[in-house]
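Enquirer: I would like the atomic coordinates for the input below:
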Amino acid sequence: MLLTVIEFVGFTVLVAVLSWWKTKDEDLSSKEGYFLAGRGLPGIVIAGSLMMTNLSAEQLVGTNGQAFSGSMSSMAWEATSGFALLVLAFVILPRFLKGGIATIPQFYQMRYDTFTMRMFSCMFLIAYVVTMLPTILYSGSVALAKIFNIEEMFGVSYFWAILLVCFSTGLIGMAYSVFGGLKAVAYSDTINGVGLIIGGFAVPILGIFALGRLGGGGGSFSEGLHYLLTTTPEKMNAWAEPTSVAPYVPWPLLFTGMFVNNMFYWATNQSIIQRSLGGRDLAEAQKGAIWAGFFKCLDVFVIVLPGIIAYQLLTAQGAIDTSVGSAGDQAYPLLVMEVMPPAIMGFFAAVMFGAILSSFNSVLNSSSTIFALDIWQPIWGKDADAEKTVKIGKYFGLIVGVVSIFISPFVMYFGTGIMNFINECWGFFSMPILLAVLFGLLSKRVSPIAPKITVPVHIVLYGATKVIPFCQEWHYLYWVFFCFVVEAIIYLICIKAAPRKTDWVMPDAKVMDMTAWKTGKFWAVVSVVVIVAMYVVCSPLVLGA
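Expert: Below you'll find the model as predicted:
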């Protein structure tokens with residue numbers, strides 16, 4: 001345990017020191033310096049930060065939990081993200097960067113009106129504070145509490161062990177985000193990404209060796225791989241039946257609910273898109289988005305495949321309760337404890353800790369950005385200088401961080417898997433946010449009345465699907481897509497019945513070079529080919545059953 005602690009502290013301090021060194025000369029008193037990293041991020045840093053912002057403990061624990069309880073159909077959350085990132089690269093970013101957009105709500109004010117901007121700002125903040133930040137802290141604490149055996153170490157209950165880890169993680173995350181700004185967040189993400197590649201890929205590799213020892217095998221990699229691919233072939237099938245429910249992802253959703261859900265998350269979610277808005281020019285921003293799509297395909301081997309390995313290994317040993325929900329969120333931490341050598345357990349714990357910090361401080365930075373630039377400054381700080389605005393953003397980040405710390409342990413009582421909880425909660429906000437961006441960018445005539453109608457309509461429609469028994473028989477992403485279609489029709493009606501009096505055109509802020517990435521379309525095609533190939537392999541034609 002002492003070696004584990006030393007490795008953990010050493011790698012964590014290394015990341016902090018390197019992030020400080022890369023940002024020590026930055027001007028964080030300006031809004032662009034603090035919130036957008038001075039618009040100077042290169043493509044590889046954007047891609048690494050996009051991946052690490054998404055790839056946190058709730059993904060490692062939650063998505064592997066879905067695969068454990070379901071099948072490889074869970075890879076839809078990862079692999080198909082590449083399609084949405086192409087929409088971000090070729091549709092959203094050229095328009096947003098041209099207009100000098102810093103936040104999604106800022107675009108809403110520019111495109112619609114102040115009321116629409118504040119309405120969506122409040123929706124983002126509620127989702128971040130109540131759903132994302134507490135769940136990020138809780139899911140990471142589940143893993144770290146087991147790795148360090150916090151209950152036994154301090155002689156406390158499970159609840160207090162989780163609270164202790166949440167408190168420690170939250171404080172460090174606030175230090176990164178509140179005092180370092182987006183650039184510290186982005187560089188810490190990239191450094192942690194290197195560790196995550198090493199530690200994250202080690203888990204399935206070591207797990208396959210462990211499978212090779214089942215049934216008296218010699219423990220070779222080839223024996224383990226054969227066991228993985230042949231023992232439960234139904235688990236290797238990414239094409240779930242249309243009537244399947246969570247944690248499975250029915251195959252029709254790949255072209256409907258999953259597609260629009262991913263477009264919301266990767267193209268209009270402030271905590272994600274903010275990295276791309278910090279690019280030094282359009283080409284670098286597009287590189288970051290497209291490269292992130294490739295990384296998301298690799299994520300399948302880190303946050304989906306280990307769930308299948310955990311199912312085969314842990315159930316064969318009788319080491320886990322296979323009931324959906326409680327078992328799923330335990331599967332990944334238990335697999336790590338089973339296969340990870342004690343000599344490198346501290347390093348892996350530090351990588352896990354970095355993944356938690358990445359998502360936590362990224363969402364916290366986005367919350368501060370939205371509040372400072374879209375709520376406080378237009379209402380109370382009209383005459384405030386940039387330094388004052390940044391200071392208010394820091395204060396708000398501290399308050400939000402503290403609130404989320406105290407909410408986080410209670411996530412254990414929500415009664416569902418971590419990822420299902422997050423995604424179903426986002427369902428209350430996602431489609432109105434996405435549609436307001438898409439129609440705002442692609443239609444010159446849509447007026448502010450459209451988003452004001454669709455927000456309450458969506459909340460009522462989606463909320464109804466949570467209480468109507470018939471709706472519970474179908475995957476919730478079907479209903480997300482149903483809401484998308486209904487609300488798109490409302491937008492079209494509004495364009496026809498109450499259009500803008502004048503055509504709207506995105507102004508040119510001239511903040512950067514808007515030359516597109518010359519080979520971007522080629523790599524976009526390659527990205528699509530890779531995604532299709534993965535689904536062919538994980539189908540009844542090859543590995544699935």
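
Enquirer: past the helix or strand where S366 lies, which element shows up next along the chain?
Expert: Assigned by DSSP states H and E, S366 falls within helix 345-370. Later in the chain than helix 345-370, the nearest helix or strand by DSSP H and E is helix 377-379.

Enquirer: ok, back up a step: in the helix holding S366, which residues are buried?
Expert: Residues of helix 345-370 classed as buried by neighbour count (16 or more other Cβ atoms under 10 Å): 345-370. C-beta: built from backbone N, CA, C; applies to glycine.

Enquirer: shouldn't V400 be in contact with L133?
Expert: Yes. V400 is within contact range of L133, at 7.0 Å (criterion: Cβ atoms under 8 Å).

Enquirer: and for these two, which residues touch both?
Expert: L364, S367 (Cβ atoms under 8 Å, 6 or more residues apart in numbering).

Enquirer: between those two, who's got more neighbours?
Expert: Ranked by neighbour count (other Cβ atoms under 10 Å), V400 and L133 place L133 first, with 27 against 22.

Enquirer: report the spatially nearest residue to that one, omitting neighbours in sequence.
Expert: S404 (3.6 Å; Cβ to Cβ, 6 or more residues apart in numbering).

Enquirer: what helix or strand is the one you found on?
Expert: Going by DSSP H and E, S404 is in helix 386-407.

Enquirer: what helices or strands is that helix leaning on?
Expert: Helix 386-407 is packed against helix 31-35, helix 133-147, helix 158-212, helix 345-370, with contacts defined by 3 or more Cβ pairs under 8 Å, 6 or more residues apart in numbering; DSSP states H and E.

Enquirer: which other helices and strands contact the second one?
Expert: It refers to helix 133-147. Helix 133-147 packs on helix 57-69, helix 158-212, helix 326-339, helix 345-370, helix 386-407, helix 418-426, going by 3+ Cβ pairs under 8 Å, 6+ apart.

Enquirer: tell me the angle of that helix relative to helix 345-370?
Expert: 170 degrees (axes from the mean of the first three to the mean of the last three Cα atoms, to 10 degrees).

Enquirer: just to revisit the earlier point, run the angle between the helix holding S404 and helix 345-370 for me.
Expert: Going by the same axes, to 10 degrees, helix 386-407 makes 130 degrees with helix 345-370.

Enquirer: just the buried residues of helix 386-407, please?
Expert: Buried residues in helix 386-407 (16+ other Cβ under 10 Å): 389-390, 392-394, 396-398, 400-401, 404-405, 407.

Enquirer: what does stretch 459-477 give?
Expert: Neighbour-count burial for stretch 459-477 [16+ other Cβ under 10 Å]: L461, Y462, T465, W474, H475, Y476, L477.

Enquirer: chain center to the helix holding S366: distance?
Expert: 11 Å (Cα atoms, centre = their mean, to the nearest Å).

Enquirer: kindly export the host helix or strand of Y108 (C-alpha atoms) in CSV.
Expert: Secondary structure assigned from DSSP H and E places Y108 in helix 104-111. What follows is helix 104-111, C-alpha atoms only, in CSV (Å, rounded to 0.1, in the frame of the first residue of the first chain):
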residue,chain,number,x,y,z
ILE,A,104,-23.0,28.5,-26.7
PRO,A,105,-25.3,30.9,-24.7
GLN,A,106,-23.4,33.8,-26.3
PHE,A,107,-24.5,32.5,-29.7
TYR,A,108,-28.1,32.3,-28.5
GLN,A,109,-28.0,35.9,-27.6
MET,A,110,-26.4,36.9,-30.9
ARG,A,111,-28.8,34.7,-32.9
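
Enquirer: what is the helix or strand where F522 lies packed up against?
Expert: Per DSSP H and E: F522 is located in helix 520-537. Contacts defined by 3+ Cβ pairs under 8 Å, 6+ apart place helix 520-537 against helix 76-79, helix 81-87, helix 282-303.

Enquirer: tell me the buried residues in it?
Expert: G520, W523, A524, S527, I531, M534, Y535.

Enquirer: any idea how far the residue nearest to the third one when sequence neighbours are not counted is from A384?
Expert: Spatial nearest neighbour of A524, chain neighbours left out: L86 (5.2 Å); criterion: Cβ to Cβ, 6+ apart. Taking Cβ to Cβ, to the nearest Å as the measure, L86 and A384 are separated by 39 Å.

Enquirer: of these two, who's got more company?
Expert: The neighbour count for L86 versus A384, taken as other Cβ under 10 Å, is higher for L86 (23 against 15).

Enquirer: ok, now which ones touch the more buried one?
Expert: A289, I290, G293, A524, S527, V528.

Enquirer: how near is it to G278?
Expert: On the measure of Cβ to Cβ, L86 and G278 end up 20 Å apart.

Enquirer: now L441: closest residue in space that isn't a chain neighbour?
Expert: R95 (5.2 Å).

Enquirer: next, the buried residues of stretch 373-386.
Expert: Result for stretch 373-386 [16+ other Cβ under 10 Å]: buried residues L373, D374, I375, W376, Q377, P378.

Enquirer: state the mean pLDDT of that stretch.
Expert: Mean pLDDT, stretch 373-386: 84.

Enquirer: can you give me the first-to-last residue distance of it?
Expert: By Cα to Cα, to the nearest Å, the extent of stretch 373-386 from end to end equals 10 Å.

Enquirer: distance from it to the middle of the chain?
Expert: 29 Å.

Enquirer: run a quick neighbour tally on G140.
Expert: When counting by other Cβ under 10 Å, one arrives at 28 neighbours for G140.

Enquirer: make that T502, sorry
Expert: Counted with other Cβ under 10 Å, residues neighbouring T502 total 8.

Enquirer: element containing it, please.
Expert: Here T502 is assigned to no helix or strand, by DSSP H and E.

Enquirer: what's the separation between it and G440?
Expert: Going from T502 to G440 by Cβ to Cβ gives 15 Å.

Enquirer: may I have the helix or strand F96 falls within exported as CSV, CA atoms only?
Expert: Secondary structure assignment for F96, by DSSP H and E: helix 93-98. Coordinates of each C-alpha in helix 93-98 appear next as CSV, following Å, rounded to 0.1, in the frame of the first residue of the first chain:
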residue,chain,number,x,y,z
LEU,A,93,-16.8,25.4,-35.9
PRO,A,94,-16.4,27.3,-39.2
ARG,A,95,-19.5,29.4,-38.2
PHE,A,96,-18.7,29.8,-34.5
LEU,A,97,-15.1,30.7,-34.9
LYS,A,98,-16.0,33.2,-37.6
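
Enquirer: ok, of the buried residues of helix 386-407, which one's closest to G155?
Expert: Among these, I405 lies closest to G155 (Cβ to Cβ), at 21.8 Å.

Enquirer: how about the closest one: what's its closest non-neighbour residue?
Expert: Per Cβ to Cβ, 6+ apart, closest to I405 is G170, 4.0 Å.

Enquirer: surely that neighbour touches F406?
Expert: No. Contact criterion Cβ under 8 Å: G170 and F406 do not qualify, at 9.1 Å.

Enquirer: which ones are touching L225?
Expert: The neighbourhood of L225, defined by Cβ under 8 Å, 6+ apart, consists of I208, L211, G212.

Enquirer: how close does the nearest residue to the second one once chain neighbours are set aside sit to L305?
Expert: Just to be clear, that refers to L211. Computed as Cβ to Cβ, 6+ apart, the closest residue to L211 that is not its neighbour in sequence is G224, at 3.9 Å. Here G224 is placed at a distance of 12 Å from L305 (Cβ to Cβ).

Enquirer: F482 now?
Expert: Taking Cβ to Cβ, one finds F482 at 32 Å from L305.

Enquirer: pipe the helices and strands packed on helix 520-537 into TSV and attach mean pLDDT per row.
Expert: Shown next, in TSV, are the helices and strands packed on helix 520-537 (pLDDT from 0 to 100):
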stretch	mean pLDDT
helix 76-79	92
helix 81-87	94
helix 282-303	91
